[in-house]
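Asks: generate a structure from the sequence data that follows.
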Amino acid sequence: MRQRAATLGTGASTHISTFHSLCVRILHQYAAKAGINPNFSIYNESDQVKCAIQAVKDCELDTANFSPRRCLAAISTLKNKLIDVDTFKADADDFFSKTLAGIYARYQHILSEQNALDFDDLLMKAAVLLRNCPDVCCELGNRFKFLLIDEYQDTNRAQYEIAKAIVSAHNNICVTGDPDQSIYRWRGADIRNILAFEEDWPDATVVKLEENFRSTANILETADELISFNQNRKEKKLVPTKPCGKDVIVEVYEDELEEARAVGRQVRELTGKGVSLNDIAVFYRVNSMSRVLEEAFIQDKIPYQIVRGTEFYNRKEIRDLLAYLKILVNPDNEIALLRIINTPARGIGKTTIDRVRSYAALHNITFFDGLKNVERIESLSKAPKGKIASFVNMIEGFKKDIAGKVAPLAERVFNESGLAEFLKQDQNALENANELINAAAQYDEQAEQPSLLDYLQQISLFSDVDAYDASSGRLALMTLHAAKGLEFENVFIIGAEDGLLPHERSNTDEGGDELEEERRLFFVGITRTKVGLHISYARYRTIRGQMLRTIPSRFLYELGTDFAKSTPVIAAQVGIHCSALASVDRDSGTVPYFIAGQLVRHEKFGLGRVKEFNDVGERSSVVVTFNTGQTRTLMVKYANLSKV
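Replies: Numbering: from 1, shown residues only. A predicted model of the protein is given here:
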């Protein structure tokens, strides 16, 4: 985007960034008014989980009953809605809410002690700063005379408030977005922000960008047919600029192994016709579905890349080296400090660490200050004191070189910390660490004023798509969420089954919002395609170690797929585009009919009430909410439901 803006003649002062990156800069500049230290660490998901575990334990609760990850998700939702600890605590009126309020408060206290912010804090603290400080709001409004926001359909409440505050003085705001591509509700995205834009800005001009320059006409027709089933949207019709191309293909396989092997065969056929692997991608709903594909591609010798960028930064050797660097800018980062104090091993064991932590807690100082005062800790003998003193001196020595370029410092830390010697027997780990140093060198070349703090915070905001290499000569494997913003000549979407796409979570959604988001997610996957689109499902799939019979996704029927023709072939083409053969289940028999609200009994799940019935003959399915609280999607033919 920066490159494109530069070709249009924009000035060097034009600011182009993500919301999170902008908030980092705002919080640095106005740290005092925001009530934080400017050298704060940004905790990634792994760090957040550790803090959440500690928070639950500090509240004397069992992590089995109060899952730290679920508590984190709830806290994230509250922050995205700009609900702070005190507000939530005041409104908590049941056992769970009151308990969560205590965990929320403790979690924030731990972050504060370690001079750290999580991703949601970046947005929330910036939004609160702009709300409470009119002078900051005015300064930013003068700095950003015109505000343009892309992908506006994925903004949450905090981002909405930040944008509104920045333009409050001049109202110069332009947003682009597609309600049909809002797929981040689970991250707090609020589709109402774009649906109600004209209400927020009555003088706004609305321009529908309906022309599509990417996909062939029949792919767009497929996408339009699907998304028309959503109610929460702005009416529009995709207008193709390309003629009809290949038929959209829907295929059924016996199981996920056959599905993966078939995708591999078709990829080979495409490359045999001269199609580059750079132009082929496979999408799936959840990351775990990549395993069988990887095995099939390895066997077929098909080069591939998994677009999961954060995986590089989750490798042990990378996290170890980054932890050393994080300590140099923020010594209060206890998570990083505990990671490296004995990595590589230097004889500082758990007992020693616990005694230092106890001393620090007793004297109300940080863990690093406790290490610096090790000579005063009477419970430690001379040997561990000496080892800790050597460690502290090493860190203090590194800190002297913190200003300036990052790569030379990273290389020095890697060598002098003992990590290089420790990793020399593991060639892959050694190459990964060297790759991180190379990445730091690239940062040094591109940054106007390189700084370790800025580099570390950029890494913290790294996303999956940032790792995608469009010229790698390898096929791309990724989730449907990761595919957002990308495009390919040929796309395979696998696992189009109820429980996967739409995900099983949408079955428990009373208002239908989650089901509509799942449909938007499928729409996004379809519209990544330029020419060739293959959609598939398996009759059986291994789930949690069990081979289970599946139900074709209800979205396939919405596409117009014809399952009615009795033809024993596996390839079915979308009925609204062509008259090709369709796939059918080989089983036969009459299927009972149900209506919403009807009471039914299941042999295993007991008494329940029908929530939804999908009448498609032999493939009919029923959604039932049982008295146990579970909501299940069942294939009528095999469910043996009795009407009560």
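Asks: now the strands for the stretch 401-550 of the chain?
Replies: Counting by DSSP state E, counting those that start in this stretch, the segments of the stretch 401-550 of the chain that form strands are 475-479, 488-493, 529-538, 540-543, 546-549.
Asks: show me the shaky parts of the stretch 51-200 of the chain.
Replies: Along the stretch 51-200 of the chain, segments meeting pLDDT under 70 span 186.
Asks: ok, then the element right after the least confident helix or strand in the chain by mean pLDDT?
Replies: Of all helical and strand segments in the chain, the minimum by mean pLDDT, DSSP states H and E falls on strand 571-573, at a mean of 41. On the C-terminal side of strand 571-573, the closest following helix or strand by DSSP states H and E is strand 599-602.
Asks: as a whole number, average confidence for that following strand?
Replies: Throughout strand 599-602, pLDDT has a mean value of 88.
Asks: can you list the buried residues in that strand?
Replies: Neighbour-count burial for strand 599-602, counted by 16 or more other C-beta atoms under 10 Å, picks out Val600, His602. (C-beta placed from N, C-alpha, C; glycine too.)
Asks: if I look at Glu431, how far off is Arg315?
Replies: When C-beta to C-beta, to the nearest Å is applied, the distance between Glu431 and Arg315 equals 11 Å.
Asks: same check on Asn232?
Replies: Note on Asn232: its distance to Arg315, by C-beta to C-beta, is 40 Å.
Asks: quick check: Arg474 touching Val307?
Replies: No: under the criterion of C-beta atoms under 8 Å, Arg474 makes no contact with Val307, lying 10.3 Å away.
Asks: more neighbours, the two?
Replies: When neighbours are counted by other C-beta atoms under 10 Å, Val307 comes out ahead of the other of Arg474 and Val307, with 22 against 16.
Asks: remind me which residues of this protein are low pLDDT?
Replies: Short version for the chain, where the test is pLDDT under 70: 186, 308-312, 462-471, 507-511, 544-545, 561-591, 616-619.
Asks: residue farthest from the centroid of it?
Replies: Seen from the C-alpha centroid of the chain, the residue lying at the greatest distance (C-alpha atoms, centre = their mean) is Lys382, 47.8 Å away.
Asks: between Glu431 and Arg315, which has more neighbouring residues?
Replies: Relative neighbour count places Arg315 above the other of Glu431 and Arg315, with 16 against 11, counting by other C-beta under 10 Å.
Asks: the more buried one contacts Ala429, doesn't it?
Replies: Yes: at 7.5 Å, Arg315 and Ala429 qualify as touching, with contact defined as C-beta under 8 Å.
Asks: which parts of the stretch 51-200 of the chain are strands?
Replies: With strands called from DSSP E, counting those that start in this stretch, the stretch 51-200 of the chain shows them at 116-117, 147-149, 173-175.
Asks: most tightly surrounded among these?
Replies: Of all the strands of the stretch 51-200 of the chain, strand 116-117 carries the top mean neighbour count, a mean of 24, counting by mean count of other C-beta atoms under 10 Å.
Asks: so what are the sheet partners of that one and their directions?
Replies: Using DSSP bridges, the strands paired with strand 116-117 in its sheet are strand 41-42 (parallel).
Asks: what sits up against stretch 408-423?
Replies: Residues external to stretch 408-423 that are found in contact with it (C-beta atoms under 8 Å, 6 or more residues apart in numbering): 317, 320-321, 324-325, 328, 340, 343-344, 346, 394, 398, 401-402, 429-430, 433, 436-437, 440, 452.
Asks: what's the answer for stretch 320-328, then?
Replies: Under the criterion C-beta under 8 Å, 6+ apart, residues 41, 313, 333, 336-337, 339-340, 343, 368, 395, 398-399, 402, 406, 409-410, 413-414, 417, 419, 433, 436, 452, 456, 459 lie in contact with stretch 320-328.
Asks: which residue comes closest to Gln159 once chain neighbours are left out?
Replies: In space, and not counting its chain neighbours, Gln159 is closest to Phe19: 5.0 Å by C-beta to C-beta, 6 or more residues apart in numbering.
Asks: now do the contacts for the one you found.
Replies: With contacts defined as C-beta under 8 Å, 6+ apart, the neighbours of Phe19 are Leu123, Thr155, Gln159, Ile162.
Asks: these two touch, right, the first one and Asn80?
Replies: Yes: under the criterion of C-beta under 8 Å, Leu123 makes contact with Asn80 at 7.2 Å.
Asks: those two: which is more packed in?
Replies: Each of Leu123 and Asn80 has its neighbours counted (other C-beta under 10 Å); Leu123 has more, 25 against 21.
Asks: residue contacts, the closest residue to that one other than its chain neighbours?
Replies: Taking C-beta to C-beta, 6+ apart, and ignoring the residues beside it in sequence, Leu123 has Ala158 as its nearest neighbour in space, at 3.9 Å. When the contact criterion is C-beta under 8 Å, 6+ apart, the partners of Ala158 are Lys79, Asn80, Lys81, Leu82, Asp120, Leu123, Met124, Ala126, Ala127, Gly188.
Asks: out of those, who's nearest Asp150?
Replies: Minimum distance to Asp150 across the contacts of Ala158 is 16.6 Å, recorded for Leu123 (C-beta to C-beta).
Asks: on that earlier part again, any chance of a ChimeraX selection covering the buried ones in the contacts of stretch 320-328?
Replies: Here is the ChimeraX command that selects only those of these that count as buried (16+ other C-beta under 10 Å):
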select :41,313,333,336,337,339,340,343,368,395,398,406,409,410,413,414,417,419,433,436,452,456,459
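Asks: the helices in the stretch 351-500 of the chain, which residues?
Replies: Along the stretch 351-500 of the chain, the stretches classed as helices by DSSP state H, counting those that start in this stretch are 367-372, 382-399, 406-416, 419-423, 427-446, 452-460.
Asks: these into a markdown table, with extra columns for distance to Thr10?
Replies: Compiled in a markdown table, the helices of the stretch 351-500 of the chain are given as follows (distance: least, C-beta to C-beta, whole Å):
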| stretch | distance to Thr10 |
| --- | --- |
| helix 367-372 | 44 |
| helix 382-399 | 38 |
| helix 406-416 | 28 |
| helix 419-423 | 42 |
| helix 427-446 | 18 |
| helix 452-460 | 22 |
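Asks: so which of those is nearest Arg25?
Replies: It is, among the helices of the stretch 351-500 of the chain and with distance given as C-beta to C-beta, helix 452-460, at 9.3 Å.
Asks: restricting to C-alpha, output the closest one in PDB.
Replies: As requested, the backbone C-alpha atoms of helix 452-460 are provided in PDB (Å, rounded to 0.1, in the frame of the first residue of the first chain):
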ATOM      1  CA  LEU A 452      15.300  -2.200  19.300                       C
ATOM      2  CA  LEU A 453      12.000  -1.200  20.900                       C
ATOM      3  CA  ASP A 454      10.400  -0.300  17.600                       C
ATOM      4  CA  TYR A 455      11.700  -3.600  16.000                       C
ATOM      5  CA  LEU A 456      10.300  -5.700  18.900                       C
ATOM      6  CA  GLN A 457       7.000  -4.100  18.700                       C
ATOM      7  CA  GLN A 458       6.800  -4.600  14.900                       C
ATOM      8  CA  ILE A 459       7.400  -8.300  15.500                       C
ATOM      9  CA  SER A 460       4.700  -8.400  18.100                       C
END
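Asks: can you list the residues that contact it?
Replies: 21, 24, 39, 41-44, 313, 322, 325-326, 328-329, 402, 406, 409, 440, 443, 447.
Asks: and these, which of them are buried?
Replies: For the contacts of helix 452-460, burial is judged from neighbour counts taken by 16+ other C-beta under 10 Å, and it is met by 24, 39, 41-44, 313, 322, 325-326, 328-329, 406, 409, 440, 443.
Asks: pull the most distant pair out of these.
Replies: Tyr43 and Leu409 (21.9 Å).
Asks: next, the buried residues of stretch 377-385.
Replies: For stretch 377-385, a neighbour-count test (16+ other C-beta under 10 Å) marks Ile377, Leu380, Pro384, Lys385 as buried.
Asks: scratch that, stretch 354-362 is what I was asking about
Replies: Within stretch 354-362, the residues that count as buried by 16+ other C-beta under 10 Å are Arg355, Val356, Tyr359, Ala360.
Asks: would you list the contacts of Ala158 in JSON lines and tack on distance to Phe96?
Replies: JSON lines is the format used below for those (distance: C-beta to C-beta, whole Å):
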{"residue": "Lys79", "distance to Phe96": "18"}
{"residue": "Asn80", "distance to Phe96": "19"}
{"residue": "Lys81", "distance to Phe96": "17"}
{"residue": "Leu82", "distance to Phe96": "21"}
{"residue": "Asp120", "distance to Phe96": "20"}
{"residue": "Leu123", "distance to Phe96": "25"}
{"residue": "Met124", "distance to Phe96": "22"}
{"residue": "Ala126", "distance to Phe96": "29"}
{"residue": "Ala127", "distance to Phe96": "26"}
{"residue": "Gly188", "distance to Phe96": "20"}
